[in-house]
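Give me coordinates for this.
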Amino acid sequence: MTQHRHMLSPLQLRGHTLRNRVVFGAHTNNMSDDGLPGRRSGAYLLERALGGAAMIVCEPMPVHRTGVLTRGNYRHGTDEVIPYFRAITEPVKEAGAVILQQLYHIGAHGDSDLSFQPHWSPSGHASYHDSDGSHRMTVSEIEELIEAHIAAAVRCQKSGFQGVEVWAAYHSLLDQFWTPWSNTRDDDWGGSLENRTRMSRRIIEGIRRACGEDFVIGLAVSTSDAYDVTLSLESLSEVVALHDATGHVDYVTCGHGGYLDFERLMPTFLFGEKLTAPATEVLKGVVKHAKITSEVHVRTPENAEAILASGQADLVSIVRGQIADPHLVNKTAAGRAEDVRGCISCNQMCWGRRSRDYWISCLINPSVGREWEWGGDRFTPAETAKDVLVVGAGPAGLEAARVAAERGHRVEIVEAAAQIGGQFRLAGMQPRRGQVIDLLDWYERQFNRLGVRLRLNTFLDEEDLAAHPAETVILATGSLPDENARQRWLPSAPQLPGLENGNVWSPEEVLRREARLGDTVIVLDEGGNWRGVGTAWALAEQGKKVVLVTPDAFVGKEIARTSADGPARGRLARAGARMMTEHVITRWHGNGATVRDMLTGAEETVAASALVMATTNMAFDPFPETLPGKVLHRIGDCVAPRQAPYAFHEGRKVALSL
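Residues are numbered from 1 along each chain as shown. Okay, here's the model as predicted:
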């Protein structure tokens, strides 16, 4: 309590006592079933309430048919959702959290594929979500959307929500009205500050009248300095002060970025932490009634305490941090902040899955979205404690060993290398990825807490495995780089032509500093992910002249889903890297490579002292299919090489089955 006393102190909000200052803020989890909240949605939110969050703001509810944005959006404009939401709100409140729902309309930036409606906006400007234009709203349509917001709030109240958060962030509909660049109207809804804020003030005043004095009303805003056309912090402060003066707004939560700089909205490890704290400090200075919430990259209890202790905000919204560890607050309150599983800011399974219109999960916490099946991060003891041997301490093996021990099994994990983590540790050696190393340190602390025996520098062969006393054996031996350096888009070549000329390396060898590279390096990035992009960036940061070759149409194709591809290309470009897209390597000469343009067939020779091949790995499984007297489970890359989330998932899943 003394280390995090500001974070853990209670707060009064419109007659409700928040048990601490931590909010699980609004975000699209995309977990609805045919537009209705169900067990997946409910268990996901309840786990964070059980974990200690003081206030939970439920997934955004589109208020109107023109505001539907995702496949998982809840049904708008119908009371059909009320009994389903009541089944969610009541358990959350019983668990001690206050629960609200966010109300939103995206304005010009809609999704016609899902809504089959025109995008409604103040002035008919272009969408930054897709290539569509938008419809300039008539006055009657503005009135229709005001009433739609109020009706949605009433529906929330009937559903058991204790309040709503009105969304005006990220250049959404209300932000579009506030911003002179996107609001060029010359009627009562444009021009002056009073006119531009008329719609949002009418909505909030209408909700207060309809829902009463004990109903919490929040306002979500955001700040961005990427373009000079968006609201400056000074202008945003004027907007917030005007709404605060009504006395109807109980809190203002401030995000970062928006549709013009989407990569800042849910920033990856490429960005710093506590991004909105300077802005919320300014907003605190202009409000008389509303509490101020700082969100965006408030990743850890330490981040939260720093913001609150310095007076930069009254509340903090920790979203990804509580996705990664839903019990972040309770662990901190119990004096166990070191046991909080820290988010690694990768966006791979939260925003990465949402961007593909799936329900969200988490790379390092595979129970996310499966709480209703797996019990979240609260483990049921096994009926019978077993002796379990885990072979391999990469992501799959680490999670299998930890969860098996959490359930009461006696666990030993062996690793051939001198450190845990496997290829995941190498990822943590790329620029700005120290959070991966932090996670591996967390696993070692958990092993100490749980009594897991960890043996490093230990390679087991078939005889060792057969002689081991454990009956249950989990094989998580991972994968290895393809020694033939085959390329998917050069399918006729069983190995890289010219491989025998030497100076061809894998990303793993580069990051382990085993490769002798010289001054100029070609990196062939077949996966479009951090294995290739991060290795190229690391080399460029070391002063190497880097040429990144990829068969994809742009560098970082697979990390585009995380919104990190643009910033990554920017880092590469500023470091002087040359990027050749839609090319393959047809031959390595030992001192350069012949590369072929996949569009024209033209070839050129690029001089280089070394070649790094980030191609698809091969599974490494040196053991027989079965062993007498052993129950074998194979998980992770030794089954098939894949990205880290699937290894963590299989580790958790097999341990739950024991």
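
how about the helices in the stretch 51-200 of the chain?
All helices of the stretch 51-200 of the chain, identified by DSSP state H, counting those that start in this stretch, fall at 82-94, 112-115, 139-158, 173-178, 193-196, 198-211.

Nearest to residue 375, out of those helices?
helix 82-94 (14.4 Å; Cβ to Cβ). Using the backbone N, CA and C atoms, a C-beta is placed for each residue, glycine as well.

name the helices or strands packed onto the closest one?
Judged by 3 or more Cβ pairs under 8 Å, 6 or more residues apart in numbering; DSSP states H and E, helix 82-94 is in contact with helix 39-50, strand 55-62, strand 98-104, helix 139-158.

coming back round to it: what's the least confident stretch among the helices of the stretch 51-200 of the chain?
Mean pLDDT is lowest for helix 112-115 out of these, coming in at a mean of 88.

So for it, what gets flagged as buried?
Buried residues in helix 112-115, counted by 16 or more other Cβ atoms under 10 Å: residue 115.

who's in contact with that helix?
65-71, 73, 118-119, 130, 132 (Cβ atoms under 8 Å, 6 or more residues apart in numbering).

looking at the protein, which helix or strand is least sure?
For the chain, using mean pLDDT, DSSP states H and E, the weakest element among its helices and strands is helix 112-115, scoring a mean of 88.

ok now that helix, how far from the chain's centre?
Chain-centre distance of helix 112-115: 24 Å, with Cα atoms, centre = their mean, to the nearest Å.

Residue 207 and residue 247, how far apart?
13 Å (Cβ to Cβ, to the nearest Å).

Of these two, give the one with the bigger neighbour count.
residue 207 (25 against 11; other Cβ atoms under 10 Å).

Spit out the contact partners of that one.
149-150, 153, 164, 166, 215, 217, 248.

what mean pLDDT does stretch 516-531 have?
Here the average pLDDT along stretch 516-531 is 97.

and that stretch, which residues are buried?
517, 520-531.

Next: stretch 353-373.
Buried residues in stretch 353-373 (16+ other Cβ under 10 Å): 353-355, 358-372.

Also stretch 302-309?
Buried residues in stretch 302-309 (16+ other Cβ under 10 Å): 302-308.

repeat for stretch 13-31
13-14, 16, 18-31.

Give me the angle between the host helix or strand of residue 239 and helix 198-211.
Element membership of residue 239 [criterion: DSSP states H and E] is helix 233-244. Counting by axes from the mean of the first three to the mean of the last three Cα atoms, to 10 degrees, helix 233-244 points 30 degrees away from the direction of helix 198-211.

Report the distance from helix 233-244 to the chain centre.
For helix 233-244 - counting by Cα atoms, centre = their mean - the centre lies 29 Å from the chain centre.

Then stretch 592-607?
37 Å.

low-scoring pLDDT stretches of this structure, where are they?
For the chain, the stretches flagged by pLDDT under 70 are 1.

And it, split by domain according to the record?
Using automatic domain parsing, the domains assigned to the chain come out as 5-374, 387-480+619-657, 499-616.

Out of those, flag the one nearest residue 486.
Closest among these, once you apply Cβ to Cβ, is domain 499-616, at 6.3 Å.

Can you pick out the most distant pair from the contacts of helix 112-115?
Every pair of these checked by Cβ to Cβ; the farthest is 71 and 118, at 19.2 Å.

Let me have the helices of the stretch 51-200 of the chain in CSV, extended by distance to residue 252.
Shown next, in CSV, are the helices of the stretch 51-200 of the chain (distance: least, Cβ to Cβ, whole Å):
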stretch, distance to residue 252
helix 82-94, 23
helix 112-115, 28
helix 139-158, 17
helix 173-178, 13
helix 193-196, 17
helix 198-211, 11
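
Let's verify the residue nearest in space to the middle of the chain: helix, strand, or coil?
Geometric centre of the chain, nearest residue: residue 347, 3.0 Å, by Cα atoms, centre = their mean. Three-state call for residue 347 (DSSP: H, G, I helix; E, B strand; the rest coil): coil.

got the contact list for the nearest residue in space to it that is not next to it in sequence?
Excluding its sequence neighbours, the residue lying closest to residue 347 (Cβ to Cβ, 6 or more residues apart in numbering) is residue 562, at 3.6 Å. Residue 562 is in contact with 268, 346-348, 351-352, 355, counting by Cβ under 8 Å, 6+ apart.

Now with 10 Å, please.
Residues counted as contacts of residue 562 (Cβ atoms under 10 Å, 6 or more residues apart in numbering) are 263, 266, 268, 270, 345-353, 355, 529-530, 556, 568.

With residue 648 as the reference, measure out to it.
16 Å.

Enumerate the beta-bridge partners assigned to the closest residue to residue 554 other than its chain neighbours.
Distances taken as Cβ to Cβ, 6+ apart put residue 581 closest to residue 554, at 5.8 Å, once the chain neighbours are dropped. Beta-bridge pairing of residue 581 under DSSP bridges involves residue 550.

Residue 581: how many residues sit nearby?
17.

So it is in contact with residue 547, correct?
No - Residue 581 is not in contact with residue 547 according to Cβ atoms under 10 Å; the separation is 11.8 Å.

which SS class is residue 356?
coil.

which residues does the closest residue to it other than its chain neighbours contact?
Closest residue in space to residue 356, ignoring its immediate chain neighbours: residue 561 at 6.0 Å, by Cβ to Cβ, 6+ apart. Residue 561 is in contact with 347-349, 351-356, counting by Cβ under 10 Å, 6+ apart.

again, only using 7 Å
When contacts are counted by Cβ atoms under 7 Å, 6 or more residues apart in numbering, residue 561 touches 352, 355-356.

Can you tell me which of those residues is nearest residue 542?
residue 352 (28.2 Å).

so how far is residue 488 from the closest residue to residue 557 other than its chain neighbours?
Sequence neighbours aside, residue 528 is the residue nearest to residue 557 in space, at 3.5 Å (criterion: Cβ to Cβ, 6+ apart). Separation of residue 528 from residue 488 (Cβ to Cβ) stands at 11 Å.

try residue 590
Counting by Cβ to Cβ, the gap from residue 590 to residue 488 is 23 Å.

Compare those two (neighbour count), which wins?
More neighbours surround residue 590 than the other of residue 590 and residue 488, with 15 against 11 (other Cβ under 10 Å).

That one should be in a strand, yeah?
No - if the criterion is three-state DSSP, then residue 590 is coil and not within a strand.

As CSV, the helices and strands packed on helix 82-94 with mean neighbour count and distance to residue 332 would be great.
Output for these, formatted as CSV (neighbours: other Cβ atoms under 10 Å; distance: least, Cβ to Cβ, whole Å):
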stretch, mean neighbour count, distance to residue 332
helix 39-50, 23, 14
strand 55-62, 26, 16
strand 98-104, 27, 19
helix 139-158, 19, 30
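
of the ones you listed, which approaches residue 334 most closely?
Short answer: helix 39-50, nearest of the helices and strands packed on helix 82-94 by Cβ to Cβ, at 13.8 Å.

report the angle between the axes of the closest one and strand 55-62?
Using the same axes, to 10 degrees: helix 39-50 against strand 55-62 is 150 degrees.
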